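Participant: Test case, fold it:
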Amino acid sequence: MMGDGQRVIYPNVTIGEDSVIGPYVVIGEPPRGVAPGALPTVIGPAAVIRSHTVIYAGNVIGARFQTGHAALIREQNQIGDDVSIGSHSIIEHHVTMGARVRIHSNVFIPEFSLLEDDAWIGPCVTFTNARYPQARDTKRTLSGPRILAGARIGANATLLPGVTIGRGALVGAGAVVVRDVPDGVVVVGNPAVIIKRVEDIAAYQGE
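Facilitator: This next block holds a predicted model:
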């Protein structure tokens with residue numbers, strides 16, 4: 001384990017060139033029951049990892065990765081190029097993200113979630129993955145939401161376990177999504193319902 005009093009980097013961590021690591025950052029933190037260095041951690045070139053971020057062991061992260069301050073990224077995630085994770089957001093383990101995913105601040109993404117290329121997640125969004133918390137088989141049946149390519153999730157939305165947000169869809173701020181959302185539609189409310197198509201919004205026309 002390497003440290004300079006301000007940051008800690010565990011064994012078996014590879015960080016690409018031209019990366020900037022802020023103070024009080026921890027990279028390669030072993031999960032419970034795993035020896036330091038047992039899981040390789042790879043971060044691509046030109047990363048910017050801001051102060052107080054903690055990245056657990058076993059992550060494979062692409063080029064130009066960025067975090068805000070105090071982001072927490074648990075173990076064994078697959079994260080593509082040009083991904084940004086905002087301040088105080090939490091990414092649990094075994095999450096898969098494509099390229100150019102944007103996650104704003106104070107977001108919670110639980111294990112077994114999927115975010116495809118160009119997914120956009122607004123501030124204070126909460127994903128869930130346990131349909132019946134503390135039931136006998138809860139851990140065996142965990143299922144995170146699936147955010148397909150180019151979908152956008154507005155601030156303070158809540159997504160229930162296992163829902164799929166279709167390609168290019170838009171979830172309005174504060175919505176509670178309890179069922180799958182088709183490609184290219186806008187949903188709002190609690191429970192979220194379809195109100196129009198994204199192509200009907202002038203701001204998105206011509207994309």
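
Participant: all contacts plus neighbour counts: C-alpha atoms, from now on.
Facilitator: OK.

Participant: Could I have the CA atoms of stretch 55-71 written out in PDB?
Facilitator: These are the backbone C-alpha positions of stretch 55-71, laid out as PDB (Å, rounded to 0.1, in the frame of the first residue of the first chain):
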ATOM      1  CA  ILE A  55     -12.600   3.600  -5.400                       C
ATOM      2  CA  TYR A  56     -12.700  -0.100  -4.300                       C
ATOM      3  CA  ALA A  57     -10.600  -2.900  -5.800                       C
ATOM      4  CA  GLY A  58     -11.600  -4.700  -8.900                       C
ATOM      5  CA  ASN A  59     -12.900  -1.800 -10.900                       C
ATOM      6  CA  VAL A  60     -12.000  -1.500 -14.600                       C
ATOM      7  CA  ILE A  61     -12.500   2.100 -15.700                       C
ATOM      8  CA  GLY A  62     -11.900   3.600 -19.100                       C
ATOM      9  CA  ALA A  63     -10.200   6.800 -20.200                       C
ATOM     10  CA  ARG A  64     -10.900  10.300 -19.100                       C
ATOM     11  CA  PHE A  65     -12.900   9.200 -16.000                       C
ATOM     12  CA  GLN A  66     -13.900  12.000 -13.600                       C
ATOM     13  CA  THR A  67     -15.400  12.200 -10.100                       C
ATOM     14  CA  GLY A  68     -16.600  15.000  -8.100                       C
ATOM     15  CA  HIS A  69     -15.700  15.300  -4.400                       C
ATOM     16  CA  ALA A  70     -16.300  12.300  -2.000                       C
ATOM     17  CA  ALA A  71     -17.700   9.900  -4.600                       C
END
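
Participant: Report the mean confidence score over it.
Facilitator: For stretch 55-71, mean pLDDT is 98.

Participant: How is this protein partitioned into domains?
Facilitator: What automatic domain parsing lists as the domains of the chain is 1-94, 116-207.

Participant: Can I get the ones you listed in TSV including distance to I103?
Facilitator: TSV is the format used below for the domains of the chain (distance: least, Cα to Cα, whole Å):
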stretch	distance to I103
domain 1-94	5
domain 116-207	5
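
Participant: Brilliant, that's me finished.
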